[in-house]
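**Q** just to be clear, the model below is a prediction. Sequence and coordinates:
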Amino acid sequence: MALTKEQIAQRIAKELKDGYYVNLGIGIPTLVANYIPKGVNVVLQSENGLLGMGPFPLEGEEDPDLINAGKQTITTIAGSAFFDSAMSFGMIRAGKVDLTVLGAMEVSERGDIANWKIPGKMVKGMGGAMDLVASAKNIIVAMMHTNPKGESKLLPNCVLPLTGVGCVKKIVSDLAVLDVTPEGFRLLERAPGVSVQEIRSKTLGKLIAADDIPEMKFEG
Amino acid sequence: MNKVVANADEAIRDINEGAVLMLGGFGLCGIPENCITALVKKGVKRLTCISNNAGVDDFGIGLMLQQKQVRKMISSYVGENAEFERQLLSGELEVELIPQGTLATRCMAAGYGMPAIFTPAGVGTEVAQGKETRNFNGKDYLLEYAFNADFALVKAWKGDPDGNLVYRETARNFNPLMAMAGKVTIAEVEELVPAGELNPDTIHTPGIFIHRIFQGKSYEKRIEQRTIRKRS
């Protein structure tokens, strides 16, 4: 069984370490906040100007001045801080943010990422993604292994315009957990019931897989 | 020093065709609503707008796009505006998409009197095309120039007649940077307080950067994505 989006988020949350400052992108990455392990204290950075992002507000307590980078209403927590956009990207550029989790349309076997533009079709812009991928120490991509047409999103080379070069360290897809290494995608874990053969058939980029790849385990 | 003007119409009186504007805000949060309404009323055209986003179809800069007042947008993310996408794909609107941190830092450079900055954002992508690249300590950086804007339109929570400003929560975003960067900076505030009422220790933008300030009215402060959790 391929993972649900919630399970992808749940698996990524296991990568969080105590004391991390973390930037979560829009979409599946946002869900990671729901699965932060007990005893692990992380601070979420929202690049529009907040450290210490709290949960969504209770109904009736929404504040239009308090949003995250996805323009969603949010709350602060004890210890939160506000700042302007230049300081926000100062934190990012200077490497103070320990982990960035973001979505992707394509990732290459060298860790290039494309996620902001489909020429002639979709132009939304890169937002803060290019700044984040150019400077983050550790980048995990959360995405579906294939696009809606069933084509691999893990490629020898990205076809779409790049967001960043050689920056992705790890991918958690609905089928697998993979590290990006100098030799290519290294398969670490597979989704429950998904075979190495299936992952191989849906990975166009170079895949390195040992004979015995463990299945991911989910509690509850 | 008294920089108070009566209203948005008076504040933007000399913004004319072809002007280059900075507009504060992230999404619809902290945008200069009153100035945008006044610009739509004035109908001034061929504007260049530097703003992180382009509003939505019927609010924010989207209102100016509807009236075809914008010739060029310089933004980082424009995903929430169908009319924007239509004008872009049809070639009516010129658009320069740049990384958000680059946008912020090009505003900052202008406000700090620096001609340019180096950033790694966009190295190896189409953003780097035609730009000077320099290697520092083994890593490549792009040379990005400070913006040169005729007017900066910013929105603050509180302000005083000297132009001192205080922003609220994440409505701060690009506002303090743009406030420092405009040749003429116009501030609209939710609450214009008498001189001496703001604690000097808490002022985000000192009045020296502000040329005109006015008490805004009828703030809608529209929420783009209303997300809530249920009461248990």
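**A** Cool, got the structure.

**Q** which helix or strand contains residue A:39?
**A** Per DSSP states H and E: residue A:39 is located in neither a helix nor a strand.

**Q** wait, it touches residue A:17, no?
**A** No: if you go by Cβ atoms under 8 Å, residue A:39 and residue A:17 don't touch, sitting 11.0 Å apart. All C-beta atoms are positioned from the backbone trio N, CA, C, and that covers glycine.

**Q** more neighbours, those two?
**A** Of the pair residue A:39 and residue A:17, residue A:17 is the one with more neighbours under other Cβ atoms under 10 Å in any protein chain shown, namely 14 against 6.

**Q** next, the contact list for the more buried one, please.
**A** The neighbours of residue A:17, taking Cβ atoms under 8 Å, 6 or more residues apart in numbering or on different chains as the test, are A:40, A:42, A:98.

**Q** pretty sure the first one sits against residue A:18.
**A** Put plainly, it is residue A:40. Yes: Residue A:40 is within contact range of residue A:18, at 5.0 Å (criterion: Cβ under 8 Å).

**Q** compare neighbour counts for these two and give me the winner.
**A** A count of neighbours by other Cβ under 10 Å puts residue A:40 above the other of residue A:40 and residue A:18, at 13 against 9.

**Q** from residue B:40, how far off is the more buried one?
**A** The spacing between residue A:40 and residue B:40, counted by Cβ to Cβ, to the nearest Å, is 49 Å.

**Q** secondary structure of residue B:83: a helix, I assume?
**A** Yes: the assignment for residue B:83 is a helix, going by DSSP: H, G, I helix; E, B strand; the rest coil.

**Q** so which bits of stretch A:138-156 are buried?
**A** Within stretch A:138-156, the residues that count as buried by 16 or more other Cβ atoms under 10 Å in any protein chain shown are A:138, A:139, A:140, A:141, A:142, A:143, A:144, A:145, A:146, A:153, A:154, A:155.

**Q** got a list of contacts for the helix or strand containing residue B:177?
**A** Following DSSP H and E, one finds residue B:177 within helix B:175-181. Contacts to helix B:175-181, defined as Cβ under 8 Å, 6+ apart, come from residues A:84-86, B:22-25, B:30, B:50, B:104, B:107-108, B:110-112, B:146-147, B:149, B:152-156, B:165, B:167, B:185, B:187, B:204-205, B:209-210.

**Q** right, and the helix or strand after it?
**A** As assigned by DSSP H and E, the chain's next helix or strand after helix B:175-181 is strand B:182-192.

**Q** give me phi/psi at whichever residue of chain B sits closest to chain A?
**A** Minimum separation of chain B from chain A (Cβ to the nearest Cβ) falls at residue B:101, amounting to 3.1 Å. Main-chain dihedrals, residue B:101, degrees, to the nearest 10: phi -70, psi -30.

**Q** give the other helices and strands that the least confident helix or strand in chain B by mean pLDDT contacts.
**A** Least confident helix or strand, chain B: helix B:82-89 with a mean of 84, by mean pLDDT, DSSP states H and E. On a contact count with 3 or more Cβ pairs under 8 Å, 6 or more residues apart in numbering or on different chains; DSSP states H and E, helix B:82-89 meets strand A:122-123, helix B:61-66.
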